[in-house]
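Peer 1: build the 3D model from these lines:
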Amino acid sequence: MRIRTNRQRALLARSLLLFLVSAFFTLSTTLMSCSGPSSQGQTAAEPAKPKIVRLGYQKSNILVKSRGVLEKRLPPQGISVEWTEFQAGPPLLEALNVGSIDIGPTGESPPIFAQAAGTNLVYVAAVQPSPKGQGILVPKESPIRSVSELKGKKIAFTKASSAHYLLVSALKGAGLEYSDIEPVFLSPADARAAFLRGSVDAWVVWDPFFAAAEGTGNARVLLTGITKQGGYYLASRTFVEQNPNLLKDLLEGIDEVGQWADTHPEEVAKILSPVLGIDLPIAETMAKRRFNSLRPIDNQLITLQQQVADTYFDLKLLPKPLNIRDATLAPEQYASITPESVTQKHGS
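Peer 2: The predicted structure follows:
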């Protein structure tokens, strides 16, 4: 009996030791949680307010930066603004993908290719279309007089840009296939150089490059005015979900500039001429045919964007079909970030 009793005592002591260790760790964890942020009414789910908002921009939408509206709106909230310039939409969205910027504008095509590549982007607002602000140029002395005569020709444009889709649409309207031309993928600056030295037969581009080429007298407009939709402001989904109020502030500031610009083209030209390094008459041409104010993301725009994505897939330029709605927000989310001025103007 004494052996059995000793064993029972040993087991009892072991159980008591385990109980005390467990109780110690439970008490320590409880004390740590009580002394953390939640004791002050905060939770781990509440993200810290950003100190800097990083915006990408292109020369075509440099006006928002030039007017300094966001620099006036955000500092009172303890937030500064950081700007990064890009030659075109595709590299801007690459920067968004790797987390170098939070938000920026592009044409209709870049977000489609970015989404196909796995970028977790969101359409947050749309920009009014400017059909006459981009088109197809040929050298002034070129014998080419119609889009149908582009068959077999070398055409320079930025891949996955709005110029890309304009060309696809123009070829289709002229009864040509995309395979009927020889694409030459170049940035606007490199395309301009190739165009001027005669290395390509045509150039598809947008303002201010389009207006500048027209103004030099070395180019002739072959086609313009066929764009059905404008551009978009894109943001990372994380930024959108963590900063809805801040995003609304940003869009309000952007639309404030846009609405002013739409009714003051002469003043816009005076601002853009020195900033872009173009003559005032060229800047006036650009300003008078460009629309800058925002419009909300709605079913009509999503449908138009889906048609663009389907076109690229049909041309085998995308590896798989895309669902544009995967890169959009729920209606109630759009209602929370869309400025009232934009909603009222468009009746959405």
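Peer 1: what about residue 252, how many residues close to it?
Peer 2: Residues near residue 252, counting by other Cβ atoms under 10 Å, number 19. Quick note: C-beta positions are derived from backbone N, CA and C, even for glycine.
Peer 1: so what's it up against?
Peer 2: Neighbouring residues of residue 252 by Cβ atoms under 8 Å, 6 or more residues apart in numbering: 73, 339, 341.
Peer 1: secondary structure element holding it?
Peer 2: Following DSSP states H and E, one finds residue 252 within helix 244-263.
Peer 1: quick check: mean pLDDT across that helix?
Peer 2: Summarised as a single mean, pLDDT over helix 244-263 is 95.
Peer 1: follow-up on the earlier one: can you redo the contacts of residue 252 as CSV with secondary structure?
Peer 2: Formatted as CSV, the contacts of residue 252 follow (DSSP: H, G, I helix; E, B strand; the rest coil):
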residue, secondary structure
73, helix
339, coil
341, helix
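Peer 1: of the residues you listed, closest to residue 320?
Peer 2: Compare each of the contacts of residue 252 with residue 320 using Cβ to Cβ and the shortest gap goes to residue 339, at 34.8 Å.
Peer 1: list the residues that contact the closest one.
Peer 2: 248, 251-252, 255, 294.
Peer 1: just residue 277 next, same as before
Peer 2: No contacts exist for residue 277 under Cβ under 8 Å, 6+ apart.
Peer 1: wait, is residue 175 part of a strand?
Peer 2: No: Residue 175: not assigned to a strand; according to three-state DSSP it is coil.
Peer 1: okay, now it: neighbour count?
Peer 2: Residue 175 - counted by other Cβ under 10 Å - has 10 other residues nearby.
Peer 1: and for it, nearest residue in space, chain neighbours not counted?
Peer 2: Distances taken as Cβ to Cβ, 6 or more residues apart in numbering place residue 148 nearest to residue 175, at 6.6 Å, with adjacent residues excluded.
Peer 1: tabulate the contacts of residue 339 (CSV), appending distance to residue 208.
Peer 2: Converted to CSV, the contacts of residue 339 look like this (distance: Cβ to Cβ, whole Å):
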residue, distance to residue 208
248, 29
251, 24
252, 26
255, 21
294, 20
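Peer 1: any low-confidence regions in the stretch 151-300 of the chain?
Peer 2: Along the stretch 151-300 of the chain, segments meeting pLDDT under 70 are nowhere present.
Peer 1: for it, just list every one of the helices.
Peer 2: 162-173, 188-196, 209-216, 237-242, 244-263, 265-276, 280-289, 299-314 (DSSP state H, counting those that start in this stretch).
Peer 1: mind checking the ones you listed for the one nearest to residue 100?
Peer 2: Per Cβ to Cβ, nearest to residue 100 of the helices of the stretch 151-300 of the chain: helix 237-242, 12.2 Å.
Peer 1: may I have that closest one as PDB, with CA atoms only?
Peer 2: Provided in PDB are the C-alpha atoms of helix 237-242 (Å, rounded to 0.1, in the frame of the first residue of the first chain):
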ATOM      1  CA  ARG A 237      -7.200  47.900 -52.400                       C
ATOM      2  CA  THR A 238      -5.400  48.100 -49.000                       C
ATOM      3  CA  PHE A 239      -5.200  51.900 -49.200                       C
ATOM      4  CA  VAL A 240      -8.900  52.100 -50.200                       C
ATOM      5  CA  GLU A 241     -10.100  49.800 -47.400                       C
ATOM      6  CA  GLN A 242      -7.900  51.400 -44.700                       C
END
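Peer 1: from here on, count from 183
Peer 2: OK, 183 is where the count begins now, so the last one is helix 419-424.
Peer 1: phi, psi of residue 359?
Peer 2: For residue 359, the backbone dihedrals (degrees, to the nearest 10) come out as phi -100, psi 160.
Peer 1: so who does it touch?
Peer 2: Shown in contact with residue 359 (Cβ under 8 Å, 6+ apart): residue 353.
Peer 1: ok, now with 10 Å
Peer 2: Residue 359 makes contact with 333, 350, 353, 497 under the criterion Cβ atoms under 10 Å, 6 or more residues apart in numbering.
Peer 1: tell me where the stretch 233-382 of the chain has strands.
Peer 2: Using DSSP state E, counting those that start in this stretch, the strands of the stretch 233-382 of the chain run over 234-239, 262-267, 285-288, 303-309, 316-321, 336-339, 364-367.
Peer 1: with respect to burial, which of those strands scores highest?
Peer 2: strand 285-288 (a mean of 26; mean count of other Cβ atoms under 10 Å).
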